[in-house]
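Peer 1: Based on what follows, work out the 3D shape:
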Amino acid sequence: MLPALLQNAGRIHEYVTEILRQSGGTFEIKGPWFGNMDMLITCDPANVNHILCTNFQNYPKGPRFRKIFDILGDGMINVDSELWELHRRTTTPLMNHANFRTSLERNVSEKMENGLFPVLDHYAQQESHIDLQEIFQRMAFDISCQQFLDKDPGSLCVDPTGDHPFREAIRDTVNAILYRHILPERYWKLQKYYGIDREKKLSEADRTFDNFIYPILEERMEQLNKTGQQPHDSGMLTSHIETHRGKSMKFLRDTFLTLIIAGGDTTASGLTWFFLLLAQNPQVEAKILHDIIQLKQDKVKSVFKVEECQKLTYLHAAIFESLRLFPSVPLNHKFPMEKDILPSGHVVTPNTKIIMPFYSMGRMDTVWGEDCMEFKPERWISPNGGIKRQPSYMYPVFNAGPRTCIGRDMALTVVKMIAATIICHYQFQLVEPYHSEVLITDSILLEKKHGLKVKFSKRQ
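Peer 2: Modelled structure (predicted):
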């Protein structure tokens, strides 16, 4: 199997999808004895439901997951048991609080008015193309830092002097972590020990994260200690510091690093693929625009508010459909604690690496029907005109079970506000040739290789 895997390394998501279609949704990969490649790959909804929901306790993150994602330390993604419960118990209420939603709407609106509009207007006037994926990544990074750390890095601007070191560090991190999934552990540990290749960049990224986050934490803690009481603001930064008094600075650093990476780049990924699909399916954009015009009669350039976006049902359906085909996090992996038998009949042991490719699941005709490869928002519209719900184990874009993403509502809010506002005020078209098979970067996040080149013009 190894030669075929190497031959298809540049299109691994498509290759795995082809294998799973031919094998009924579950396939066992065997690698050389010295490798780290023996694994069971499954996108069978029954198996996914069993692993992520029904028998959740038997499939924790575990020590091997922590080794791969050690840069995130004790962040929510990385931990189990009591520490995970602590994160859920403290972070979930804060993200569901009305103040959080209000500040998110304000931060997104300000970033569009002061960052996105000037950039898009500049390129529209110049009649030159722009990498929309880069724009979305910068914008999502700024919003995420502002929302969680009360700090706007200002990376989205008309004439940036260069990339923000934190963003470069994220790129190096997600690339190195992908290869830790594939390479033998002893191989990447040797790279780390000698400081070479991706592991060298990962170590440098770790220091960059520290240099950015620690000064912000120290400054806010000093302010809190001076006043002796909580300031009037109840943002995530202040609330977390107050809630976790007694915890180490390292714990807070891990918490906020996880929130920024999980909240920023996944949102940018979702926006990128959504606008690619809109450009390839103008009839969908036309329907969304029709709803926007019906809702927003005024001609003044303004940002869509959360309440307005909630009325755009077809836009919501189109975003769900885009995420089905291009989930921001394309896979999940687990090791069972104890021997188990999956609903498909496959036996797994504590040494079995289980890969669940969510990218492939969205492209299975056995799950979504013969038209599964079509971009068809209508599949999400219920007979009464609302959004049709699907079981999370069939649509695990935001994971499933107890570890369902707590930032789901935040991500959908940001995506809908940005998408509706851009579609309302701008026209865009691809300036790159159409390829039937989209090239994807080597990353644990689903990002488009070579970016998304488009031309913008103001909508009349």
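
Peer 1: Wait, residue 339 touches residue 351, no?
Peer 2: No - using CB atoms under 8 Å, residue 339 is not in contact with residue 351, being 9.9 Å away. Just so you know, the C-beta spots here come from the backbone N, C-alpha and C atoms, and that holds for glycine as well.

Peer 1: the more surrounded of these two?
Peer 2: Between residue 339 and residue 351, counted using other CB atoms under 10 Å, residue 339 has the larger neighbour count: 12 against 9.

Peer 1: And the residue nearest to that one when sequence neighbours are not counted, how far from residue 142?
Peer 2: Distance criterion CB to CB, 6 or more residues apart in numbering; nearest residue to residue 339, sequence neighbours excluded, is residue 349 at 5.0 Å. Using CB to CB, to the nearest Å, residue 349 is found at 45 Å from residue 142.

Peer 1: in the chain, which ranges drop under the pLDDT threshold?
Peer 2: Within the chain, the ranges that satisfy pLDDT under 70 run 33-37, 227-234, 297-301, 433-437, 442.

Peer 1: ok, the residue nearest to residue 339 touching residue 341?
Peer 2: No - judged on CB under 8 Å, residue 349 makes no contact with residue 341 at a distance of 10.7 Å.

Peer 1: Pull out the buried positions in stretch 399-414.
Peer 2: Of all the residues in stretch 399-414, those buried under the rule 16 or more other CB atoms under 10 Å are 399-401, 403, 405-407, 409-414.

Peer 1: er, stretch 254-265 I mean
Peer 2: Going by 16+ other CB under 10 Å, stretch 254-265 has these buried residues: 254-265.

Peer 1: Could you do stretch 157-170 as well?
Peer 2: Buried residues in stretch 157-170 (16+ other CB under 10 Å): 164-167, 169-170.

Peer 1: ok now that stretch, how far from the chain's centre?
Peer 2: 19 Å (CA atoms, centre = their mean, to the nearest Å).

Peer 1: got the contact list for that stretch?
Peer 2: 115, 118-119, 122, 137-138, 141, 145, 153, 155, 204-206, 208-209, 211-212, 261, 264-265 (CB atoms under 8 Å, 6 or more residues apart in numbering).

Peer 1: neighbour-wise, which of residue 349 and residue 142 wins?
Peer 2: residue 142 (26 against 10).

Peer 1: The more buried one contacts residue 153, correct?
Peer 2: Yes - contact between residue 142 and residue 153 holds when scored by CB under 8 Å: they sit 5.8 Å apart.

Peer 1: re the thing from before, and the contacts of stretch 157-170, which of them are buried?
Peer 2: 115, 119, 137-138, 141, 145, 153, 155, 205-206, 208-209, 212, 261, 264-265.

Peer 1: Quickly name whichever of these is closest to residue 243.
Peer 2: Taking CB to CB as the measure, residue 243 lies nearest residue 145 of those, at 19.8 Å.

Peer 1: Helix or strand: which one has the closest one?
Peer 2: Secondary-structure assignment from DSSP states H and E places residue 145 in helix 132-149.

Peer 1: counting contacts, what elements does that helix pack onto?
Peer 2: helix 98-111, helix 165-182, helix 236-243, helix 249-280, helix 408-425 (3 or more CB pairs under 8 Å, 6 or more residues apart in numbering; DSSP states H and E).

Peer 1: Quick one: closest of the ones you listed to residue 318.
Peer 2: The nearest among the helices and strands packed on helix 132-149, by CB to CB, is helix 249-280 at 7.2 Å.

Peer 1: Quick one: work out the angle between that closest one and helix 132-149.
Peer 2: If you take axes from the mean of the first three to the mean of the last three CA atoms, to 10 degrees, helix 249-280 sits at 150 degrees to helix 132-149.

Peer 1: Could you check how far helix 249-280 is from the centre of its chain?
Peer 2: With CA atoms, centre = their mean, you get 4 Å for helix 249-280.

Peer 1: And stretch 106-126, by the same measure?
Peer 2: Distance, stretch centre to chain centre, for stretch 106-126: 22 Å (CA atoms, centre = their mean).

Peer 1: Over to stretch 385-393?
Peer 2: 20 Å.

Peer 1: Same question for stretch 422-442.
Peer 2: Its chain's C-alpha centre lies 19 Å from the corresponding centre of stretch 422-442 when counted by CA atoms, centre = their mean.

Peer 1: can you list contacts of that stretch?
Peer 2: Taking CB under 8 Å, 6+ apart as the rule, stretch 422-442 contacts 10-11, 13-14, 116-117, 120, 124, 129, 132, 175, 178-179, 275-276, 278-280, 285, 288-289, 292, 296, 301, 304, 446-450, 452-459.

Peer 1: Pull out the buried residues from that stretch.
Peer 2: 422-426, 428, 430, 438, 440-442.

Peer 1: Return the member of those residues nearest to residue 63.
Peer 2: Looking across these and measuring by CB to CB, the closest to residue 63 is residue 442, at 25.1 Å.

Peer 1: just the strands in the stretch 301-450 of the chain please.
Peer 2: Remark: strands assigned in the stretch 301-450 of the chain by DSSP state E, counting those that start in this stretch are 331-334, 340-341, 347-348, 353-357, 426-430.

Peer 1: strands paired with the third one, and their directions?
Peer 2: Partners of strand 347-348 in the sheet, by DSSP bridges, are strand 340-341 (antiparallel).

Peer 1: any residues touching the partner strand, and which ones?
Peer 2: 55, 58, 347-348.

Peer 1: and with 10 Å instead?
Peer 2: 50-51, 55, 58-59, 346-350, 352, 354 (CB atoms under 10 Å, 6 or more residues apart in numbering).

Peer 1: For these, which single residue is the most surrounded?
Peer 2: In the contacts of strand 340-341, the most neighbours by other CB under 10 Å go to residue 51, 25 neighbours.

Peer 1: circling back: tabulate the helices and strands packed on helix 132-149 (CSV), appending distance to residue 314.
Peer 2: As requested, the helices and strands packed on helix 132-149 are exported to CSV (distance: least, CB to CB, whole Å):
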stretch, distance to residue 314
helix 98-111, 21
helix 165-182, 32
helix 236-243, 32
helix 249-280, 12
helix 408-425, 11
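
Peer 1: Can you say which of those helices is nearest to residue 71?
Peer 2: Nearest of the helices and strands packed on helix 132-149 (CB to CB): helix 165-182, 5.9 Å.

Peer 1: Report the inter-axis angle for the closest one versus helix 132-149.
Peer 2: 100 degrees.

Peer 1: What's the first helix or strand after helix 165-182?
Peer 2: By DSSP H and E, the next helix or strand past helix 165-182 is helix 185-194.

Peer 1: can you give me how far that following helix is from the chain middle?
Peer 2: Distance, centroid of helix 185-194 to centroid of chain: 27 Å (CA atoms, centre = their mean).

Peer 1: Perfect, that will be all.
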